[in-house]
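Engineer: This is the structure alone, sequence omitted:
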């Protein structure tokens, strides 16, 4: 390999996103996409603030002051949360650690950039819906095909506590119906987990598959009308419509911001209040550690 070529910023980025991330670390497509978006934002910032085009950017330009300015830009100009800011910083740090092993001549600059700290932030109390309100949201009118799909979608979300990416990624073959019915979810970092289905959820899945015999094993369980996989925006929009309908019974829902992640929190709180151990809830939600479940304990108190 030509030494001079390997030390350019472009070559380092190409190797980082190619052999290193995909082959050596085998990171998930979602992680790769998040890192890619970080570098797109960073290079756009360099061009806008320092007139540095992407093809002219050098590793030495990724200094501590530049990185700090980029992070401030994310918070102030782009209105990113501190959590999002820290995610972007983590992506840049990963690249810098990789670059340090490939380009020792810039170790001093890399070391200073790596010293830019993560930012602390106040962790808000988790938002969730009590069980009766969550059931009201799930009670979508089923006089249309979309209504039947939405009710099943919300039922599965509450049953499993699945992330949006997990629920829209469920295939017909991921559901096992029988004396003990279950569903397989494909989580972050290629982690999979299998969860039991409530009897009413399993019944709803059976009825859905009988209504849609055209759905093959590899098809999305919850498709759009044209058979494609739902998007995050689809799920968020359908949930908002279900919340609006439920607000006729529970007017306080109109003042609440209810996202798909709130449904996930509602599942955790329902499990906690039914007597489940925090470690069990962590496994149910696909957390690597039971630590995040302590926030549900705080909220319950």
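Structural biologist: That came through, no problem. These numbers were taken from a predicted model, which means no experiment stands behind them.

Engineer: Name the spans of this structure whose pLDDT lies under the cut-off.
Structural biologist: The model of the chain has pLDDT under 70 over residues 1-6, 121-126, 189, 288-301.

Engineer: if you set the cut-off to 80 instead, what comes out?
Structural biologist: For the chain, applying pLDDT under 80 flags the ranges 1-7, 28, 30, 121-127, 188-190, 277-278, 287-301.

Engineer: show me where it has strands.
Structural biologist: Assigned by DSSP state E, the strands in the chain fall at 175-176, 182-186, 192-196.

Engineer: Can you name every helix or strand that the shortest one contacts?
Structural biologist: Contact here means 3 or more CB pairs under 8 Å, 6 or more residues apart in numbering; DSSP states H and E; on that basis strand 175-176 packs against strand 182-186. All C-beta spots, glycine's among them, are computed from the backbone N, C-alpha and C.

Engineer: Compute the first-to-last residue distance for stretch 156-169.
Structural biologist: The straight-line separation of the ends of stretch 156-169 (CA to CA, to the nearest Å) is 12 Å.

Engineer: Return the distance of that stretch from the chain's centre.
Structural biologist: 11 Å (CA atoms, centre = their mean, to the nearest Å).

Engineer: residues of that stretch that come out buried?
Structural biologist: Within stretch 156-169, the residues scored as buried using 16 or more other CB atoms under 10 Å are 156-164, 166-169.

Engineer: Check stretch 133-140 too.
Structural biologist: Neighbour counts over stretch 133-140 (16+ other CB under 10 Å) mark 133-134, 136-138, 140 as buried.

Engineer: Can you give the contact residues for that stretch?
Structural biologist: Residues from elsewhere that reach stretch 133-140 (CB atoms under 8 Å, 6 or more residues apart in numbering): 129, 147, 150-151, 154-155, 158, 239, 242-243, 245-246, 249-250, 253, 258, 263, 266, 270.

Engineer: Show me which of those are buried.
Structural biologist: Buried members of the contacts of stretch 133-140, scored by 16+ other CB under 10 Å, are 129, 150-151, 154-155, 158, 239, 242-243, 246, 250, 253, 258, 263, 266, 270.

Engineer: since we're on the closest residue to residue 53 other than its chain neighbours, how many residues are nearby?
Structural biologist: Once flanking residues are discounted, residue 53 sits nearest to residue 47: 5.6 Å by CB to CB, 6 or more residues apart in numbering. Using other CB atoms under 10 Å, residue 47 is surrounded by 14 other residues.

Engineer: Equivalent analysis for residue 34, please.
Structural biologist: Residue 34 - counted by other CB under 10 Å - has 15 other residues nearby.

Engineer: how far away is it from residue 52?
Structural biologist: For residue 34, the distance to residue 52 equals 23 Å [CB to CB, to the nearest Å].

Engineer: next one: residue 80
Structural biologist: Applying CB to CB, the value for residue 80 to residue 52 is 21 Å.

Engineer: Equivalent analysis for residue 268, please.
Structural biologist: 45 Å.

Engineer: Comparing these two, which residue is more hemmed in?
Structural biologist: When residue 268 and residue 52 are compared for neighbours, residue 268 comes out ahead with 26 against 16, by other CB under 10 Å.

Engineer: ok, that one touching residue 282?
Structural biologist: No: using CB atoms under 8 Å, residue 268 makes no contact with residue 282, being 9.1 Å away.

Engineer: Okay, buried residues for stretch 230-242 please.
Structural biologist: 230, 234-235, 238-239, 242.

Engineer: In helices, which of these fall?
Structural biologist: 234-235, 238-239, 242 (DSSP state H).

Engineer: closest to residue 190 among those?
Structural biologist: Nearest to residue 190 among these is residue 235, at 21.5 Å by CB to CB.

Engineer: wait, isn't the closest one in contact with residue 164?
Structural biologist: Yes: using CB under 8 Å, residue 235 is in contact with residue 164, at 5.2 Å.

Engineer: Now for the two: what residues contact both?
Structural biologist: The contact sets of residue 235 and residue 164 overlap at residue 260 (CB under 8 Å, 6+ apart).
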